[in-house]
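A.B. asks: here is the input, now give the coordinates:
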Amino acid sequence: MGGYVPVAGVRRIAVLGSGTIGASWASWFLARGYDVVAWDPADGWRARLEAFVAHAIPQVEQTGAARSPTGRLTCVDTPEEAVAQADFVQENATERLEIKQALYKRIDAALPSRSILATSTSGLILSDLVSELESAPRFVVGHPFNPPHLIPLVEVVASRFTDPEAAQWAHAFYAHIGKHPIMLRKEVPGHLANRLQVALWREAFNCLQDGLADAADIDAAIAQGPGLRYALYGPNMIFNMTGGRGGIRASVEQFGPAFEAWWATMQRTPVFDDALKNALIEGVDALMAGRSMEELEAERDARLIALLKLLGEQEGEQAADSEGGKP
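C.D. replies: Just a heads-up that it's a prediction; the model follows:
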């Protein structure tokens, strides 16, 4: 594509910011065989990154997504040094407009002309971040879901300054490295997946605030019900299957009027007053049941790995059946 590094020719990836998201991205890239050059402004970041990578790469290996040999991790002192010879850059700085803008100005001249930078921003508008940059046409959003070394989704979003070929390149690259990229057609706060997620949180918090159910039952209403289906299909396909043999047409005709009536009762936005904050904190403390955040993350990751392995095995079986059915 254009004058960019060929997708299959990427060898060296710069990771700017090595917090939770950056360290997870670095682990994925390394597990897929890419060399990673990392930078972070925090004290003690090298040791934390190395410890995270040592823990995360075996998790990728358990899913069957790792490649051999793994890439080499190099830690450097400046962001300019990190990007200087990078074929691709994944930026994960703190989610604050002024911090990202300052970082981008530092690397503007150092970013190679054939390289693309993807920001992991979870909700900022890219056009606001890059409006004063010479390299703005090569910036895209590449928003993952936590933890990126396990969750496949990546949202690709172009700014009004982005070269369309750069956005297509990013989409193709993420697919090439084993992710499931989706291309958004416009910029909106929160992109797509977070907007869907926040819509659910809005109603969950309203239900808590209104006394409809406690935090445990609200969580169970998703985790023990529709959440199981969401691990397999998205809302549109689930609505299609809700219609039985009649499919999406039957669902629209049967449930459309009821949905409209329900939506009319969902216009209120919850306010984080002290009562709601206390109800959330107390409810989640009870759900934690004495477990630490580290224990909860380990439980989450183990379940994600098991789910990814199962889904991967099923996809492999389906592909084999499809191949076997060909003349």
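A.B. asks: okay, now Ala215: neighbour count?
C.D. replies: 20 (other C-beta atoms under 10 Å). Just so you know, the C-beta spots here come from the backbone N, C-alpha and C atoms, and that holds for glycine as well.
A.B. asks: what of the one 10 residues further on?
C.D. replies: Using other C-beta under 10 Å, Gly225 is surrounded by 10 other residues.
A.B. asks: could you measure from it over to Asp219?
C.D. replies: Using C-beta to C-beta, to the nearest Å, Gly225 is found at 10 Å from Asp219.
A.B. asks: cool, and Ser27?
C.D. replies: 28 Å.
A.B. asks: of the two, who's got more company?
C.D. replies: Ser27 (29 against 16).
A.B. asks: my read is that the more buried one contacts Ala56, right?
C.D. replies: Yes - in this structure, Ser27 is within contact of Ala56 by C-beta atoms under 8 Å, at 3.6 Å.
A.B. asks: quick one: secondary structure of Ala14?
C.D. replies: strand (DSSP: H, G, I helix; E, B strand; the rest coil).
A.B. asks: for it, what are its contacts?
C.D. replies: For Ala14, the contacting residues are Val36, Val37, Ala38, Trp39, Ala82, Val83, Ala86, Phe88, Val89, Gln90, by C-beta atoms under 8 Å, 6 or more residues apart in numbering.
A.B. asks: what's the answer for Ile125, then?
C.D. replies: Ser159, Glu187, Pro189.
A.B. asks: and Val15, by the same measure?
C.D. replies: Val15 neighbours (C-beta under 8 Å, 6+ apart): Gly22, Trp25, Ala26, Phe29, Val36, Val37, Ala38, Trp39, Ala82, Val89, Gln90, Asn92.
A.B. asks: tell me the one of these nearest Phe255?
C.D. replies: Distance to Phe255, by C-beta to C-beta, is smallest for Trp25 among the contacts of Val15, at 39.7 Å.
A.B. asks: mind pulling up the pLDDT for the closest one?
C.D. replies: Here, the pLDDT recorded for Trp25 equals 98.
A.B. asks: now do Arg268
C.D. replies: 89.
A.B. asks: am I right that it is in a helix?
C.D. replies: No - read with three-state DSSP, Arg268 is coil and lies in no helix.
A.B. asks: I'd say it and Gln209 touch.
C.D. replies: No - assessed by C-beta under 8 Å, Arg268 is found out of contact with Gln209, at 9.2 Å.
A.B. asks: higher neighbour count, these two?
C.D. replies: A direct count of neighbours by other C-beta under 10 Å for Arg268 and Gln209 places Gln209 higher, at 17 against 11.
A.B. asks: tell me the contacts of the more buried one?
C.D. replies: So Gln209 contacts Pro270, Ala275, Leu276, Ala279 (C-beta under 8 Å, 6+ apart).
A.B. asks: gap between it and Trp25?
C.D. replies: 36 Å.
A.B. asks: what does Thr269 give?
C.D. replies: 33 Å.
A.B. asks: in terms of neighbours, single out the busier of those two.
C.D. replies: The residue with more neighbours, out of Thr269 and Trp25, is Trp25; 28 against 8, by other C-beta under 10 Å.
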